[in-house]
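Asker: just coords:
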């Protein structure tokens, strides 16, 4: 999760593989390697932070007594993050994961002070000799969730609670809308911007506003489960994000777009252990197992589940691209311009610098 739009727009060609020299092996090889994570919000039962902590626990389970993991939660982006990252490096952690875009610059600054520590900037794009970067193609899951939402809506209006107007969020809104409209040409998506990643009361209020405006399915790009709880209470439906949220919305959940960081985190920590870690840039999605749509709710018909799973398989095999236009028709933005010319697909660079909303989205990009 991140919020520096201007910096993100320069990342157009970022996720091409980049490698440099292997950094120095951890000291005291007989001792467990210390690995740390910094979390931008509190660790709760579900959400962004929970999924990254599941990844941390996967590392501990896979590597056992070879590694000692720790984390610090609820660290604001900015000066506080830099202080925490520096403290973790000074405490002897040899690999530090910083999963929030606003942690990128603090990570880069601390990395220069600790050249023998490896850093992993998650959702950042800058790298260095001892800094790697990684992100996930969340938009692939959003497209699939849109297919399900397009089948489930009765009002043809979805509500979308969005954090900040940065490319990752725009990708999700657009992919969700394209997924809905691929099965329901009447579907529209209304967006409310919060300018916050984790604010459960504001998330809940936004969900209620959208439902009051006839949205009967909801999606969100924020860090709590407040939207799901609101949908459950109002008898509406919603797509869970980051985690399965059926615990709080057993009837409301359509499906969950889940993020799976365990394999990537384990690979990077193992490489740090055996001194094969190299700086790199990685962008994984359905194909790599980092993004998955699953955990369908009880109200979703089997035919819809099968349809989504078939599309998911096609994305994994490279046969379906969410940001591709049919041969006979351009994909327009919601101001009438051409977003994707007919017969073409957006490049990774164009996706990473996305700054428009697709036709079918009601609203504008927040300033």
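Answerer: Sure, I can see it. If you're wondering where the values come from, they're calculated on a predicted model, not measured in any experiment.
Asker: can you give me the helices for the stretch 151-300 of the chain?
Answerer: For the stretch 151-300 of the chain, the helices defined by DSSP state H, counting those that start in this stretch cover 167-183, 200-212, 226-234, 262-273.
Asker: Out of those helices, which gets nearest to residue 109?
Answerer: helix 262-273 (20.7 Å; Cβ to Cβ). Yep, even glycine has a C-beta here, placed from its N, CA and C like the rest.
Asker: buried stuff in the closest one?
Answerer: 262-266, 268-273 (16 or more other Cβ atoms under 10 Å).
Asker: To residue 77, which of the helices of the stretch 151-300 of the chain lies closest?
Answerer: helix 167-183 (14.7 Å).
Asker: That closest one packs against which elements?
Answerer: Contacts defined by 3 or more Cβ pairs under 8 Å, 6 or more residues apart in numbering; DSSP states H and E place helix 167-183 against helix 5-8, helix 138-152, strand 157-162, strand 188-193, strand 217-221, helix 348-352, strand 361-362.
Asker: Just send those back as CSV, with distance to residue 30, mean neighbour count and mean pLDDT too.
Answerer: CSV is the format used below for those (distance: least, Cβ to Cβ, whole Å; neighbours: other Cβ atoms under 10 Å; pLDDT from 0 to 100):
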stretch, distance to residue 30, mean neighbour count, mean pLDDT
helix 5-8, 41, 16, 41
helix 138-152, 40, 27, 98
strand 157-162, 49, 26, 98
strand 188-193, 52, 21, 98
strand 217-221, 44, 28, 97
helix 348-352, 42, 18, 93
strand 361-362, 56, 20, 98
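Asker: quick one: residue 38 and residue 84 touch, right?
Answerer: Yes. The criterion here is Cβ atoms under 8 Å, and residue 38 meets it with residue 84 at 5.7 Å.
Asker: Find the nearest non-adjacent residue to residue 146, please.
Answerer: residue 179 (2.3 Å; Cβ to Cβ, 6 or more residues apart in numbering).
Asker: Go through the helices of the stretch 151-300 of the chain and name the closest to residue 32.
Answerer: The closest of these to residue 32 is helix 262-273. By Cβ to Cβ, the value is 9.4 Å.
Asker: tell me what the closest one is packed against?
Answerer: strand 33-38, helix 48-63, strand 95-99, strand 118-122.
Asker: The residue nearest to the spatial centre of the chain: what's its closest spatial neighbour, skipping adjacent residues?
Answerer: Most central in the chain under Cα atoms, centre = their mean is residue 138, positioned 4.8 Å from the mean C-alpha point. Spatial nearest neighbour of residue 138, excluding adjacent residues (Cβ to Cβ, 6+ apart): residue 172 at 5.8 Å.
Asker: re earlier: ok, now how distant is the residue nearest to the centre of the chain from residue 292?
Answerer: As judged by Cβ to Cβ, to the nearest Å, residue 138 and residue 292 stand 11 Å apart.
Asker: picking that back up, relative to residue 45, which of the helices of the stretch 151-300 of the chain is closest?
Answerer: Short answer: helix 226-234, nearest of those by Cβ to Cβ, at 11.3 Å.
Asker: what's the angle from the closest one to strand 157-162?
Answerer: Per axes from the mean of the first three to the mean of the last three Cα atoms, to 10 degrees, the angle that helix 226-234 makes with strand 157-162 is 150 degrees.
Asker: Compute the inter-axis angle for helix 226-234 and helix 200-212.
Answerer: Counting by the same axes, to 10 degrees, helix 226-234 lies at 50 degrees to helix 200-212.
Asker: in helix 226-234, what's buried?
Answerer: 226-232, 234.
Asker: tell me the contacts of the residue nearest to residue 138?
Answerer: Applying Cβ atoms under 8 Å, 6 or more residues apart in numbering, we find residue 172 in contact with 138-139, 142, 219, 221.
Asker: Find me the pLDDT at it, would you?
Answerer: pLDDT, residue 172: 97.
Asker: what about it, distance to residue 362?
Answerer: 16 Å.
Asker: Residue 102 belongs to a helix?
Answerer: Yes. Counting by DSSP: H, G, I helix; E, B strand; the rest coil, residue 102 is found in a helix.
Asker: The residue nearest to residue 146: neighbour count?
Answerer: Residue 179 has 26 neighbouring residues, counting by other Cβ atoms under 10 Å.
Asker: State the distance from it to residue 168.
Answerer: In terms of Cβ to Cβ, residue 179 sits 17 Å off from residue 168.
Asker: circling back to that earlier point, could you verify my assumption that the residue nearest to the centre of the chain touches residue 259?
Answerer: Yes. With contact defined as Cβ under 8 Å, residue 138 counts as touching residue 259 (7.3 Å).
Asker: so what's in contact with the two at the same time?
Answerer: Residues touching both residue 138 and residue 259 by Cβ under 8 Å, 6+ apart: residue 291.
Asker: before we move on, the earlier item: I'd like the buried residues of helix 262-273 as a markdown table, with distance to residue 312 and pLDDT appended.
Answerer: Formatted as a markdown table, the buried residues of helix 262-273 follow (distance: Cβ to Cβ, whole Å; pLDDT from 0 to 100):
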| residue | distance to residue 312 | pLDDT |
| --- | --- | --- |
| 262 | 19 | 97 |
| 263 | 18 | 97 |
| 264 | 19 | 97 |
| 265 | 23 | 98 |
| 266 | 23 | 98 |
| 268 | 26 | 98 |
| 269 | 28 | 98 |
| 270 | 28 | 98 |
| 271 | 29 | 98 |
| 272 | 32 | 97 |
| 273 | 33 | 96 |
